[in-house]
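In: build me a model:
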Amino acid sequence: MTSLKQVGLVLVALMAATSTGCKTKPKNITPIPGGNSSVAGSGSLLGRDSSGTVNGGGDVVTVDQSGNIGLSGLDEFENMLMDRDALAAQTVYFEVDRSEIHPDDLGKVEAVAGILAQDAQNKVLIEGHCDERGTEEYNRALGERRALSVRDALSGLGVSADRVRTMSFGEDRPADPDLNDAAYSRNRRGEFVLLKPKPGS
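Out: Take a look at the predicted model:
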């Protein structure tokens with residue numbers, strides 16, 4: 001009986017030892033089919049240095065207390081109001097590890113081009129996003145490719161390049177924080193942010 005109690009105590013101690021410890025688990029990196037997580041992707045990454053400058057684009061990113069992003073440092077993009085709701089319904093979604101716009105989403109890009117055609121003063125920021133699988137560096141590059149793909153589609157519809165800015169958030173801003181296929185598909189996206197001149201500028 002004593003040895004049975006000892007075995008029970010040892011098992012309880014082992015269970016307690018394995019259930020305590022780190023409360024935060026390391027990020028689970030799931031390989032992306034067909035993806036090479038060691039490859040950063042083509043083109044320059046839109047990484048930020050300590051001053052907030054986005055490398056490769058020359059934009060300066062400012063973040064307010066609400067987490068809203070602003071652009072400054074470029075004359076044509078200064079003093080612009082960011083309207084996230086105006087084009088929210090036009091969000092473009094991507095397949096796993098892809099940056100090509102799905103034919104079903106081309107109508108959304110056309111709608112954005114039409115909205116921009118209505119007011120020559122308005123501009124647009126295109127944000128590229130990824131799901132959380134893959135390395136941070138890979139996702140940053142993939143987000144950039146997605147944003148550039150959308151920009152190129154807008155350009156093909158007659159939107160002037162000087163009215164468009166792109167930015168990659170990689171996996172940093174998921175639309176859905178769950179870790180399942182439905183959430184991943186919502187997070188693989190290109191978002192449009194309408195930029196309007198501030199009154200009086």
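In: which parts of stretch 91-100 are buried?
Out: Neighbour counts using 16 or more other Cβ atoms under 10 Å place 91, 92, 93, 94, 96, 97, 99 of stretch 91-100 among the buried residues. For the C-beta atoms, the positions are set from N, CA and C on the backbone; glycine is no exception.
In: next, format these as JSON lines and append secondary structure.
Out: Converted to JSON lines, the buried residues of stretch 91-100 look like this (DSSP: H, G, I helix; E, B strand; the rest coil):
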{"residue": "91", "secondary structure": "coil"}
{"residue": "92", "secondary structure": "strand"}
{"residue": "93", "secondary structure": "strand"}
{"residue": "94", "secondary structure": "coil"}
{"residue": "96", "secondary structure": "coil"}
{"residue": "97", "secondary structure": "coil"}
{"residue": "99", "secondary structure": "coil"}
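In: where does this structure dip in pLDDT?
Out: 1-78, 201 (pLDDT under 70).
In: quick one: the helices in it, in order.
Out: Assigned by DSSP state H, the chain shows helices spanning 2-19, 106-118, 136-156, 181-187.
In: hey, C-alpha coordinates of the last one in PDB?
Out: The reference is to helix 181-187. Listed next in PDB are the C-alpha coordinates belonging to helix 181-187 (Å, rounded to 0.1, in the frame of the first residue of the first chain):
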ATOM      1  CA  ASP A 181      -8.300  27.400 -41.600                       C
ATOM      2  CA  ALA A 182     -11.300  29.800 -41.500                       C
ATOM      3  CA  ALA A 183      -9.300  32.400 -39.600                       C
ATOM      4  CA  TYR A 184      -6.200  31.900 -41.800                       C
ATOM      5  CA  SER A 185      -8.300  32.600 -44.900                       C
ATOM      6  CA  ARG A 186      -9.600  35.900 -43.400                       C
ATOM      7  CA  ASN A 187      -6.100  37.000 -42.500                       C
END
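In: buried residues, that helix. List them.
Out: By neighbour count with 16+ other Cβ under 10 Å, helix 181-187 contains the buried residues 184, 185, 186, 187.
In: quick check, nearest of those to residue 114?
Out: Of all these, residue 114 sits closest to residue 186, with 24.8 Å by Cβ to Cβ.
In: thought residue 99 was touching residue 151?
Out: No. Using Cβ atoms under 8 Å, residue 99 is not in contact with residue 151, being 11.2 Å away.
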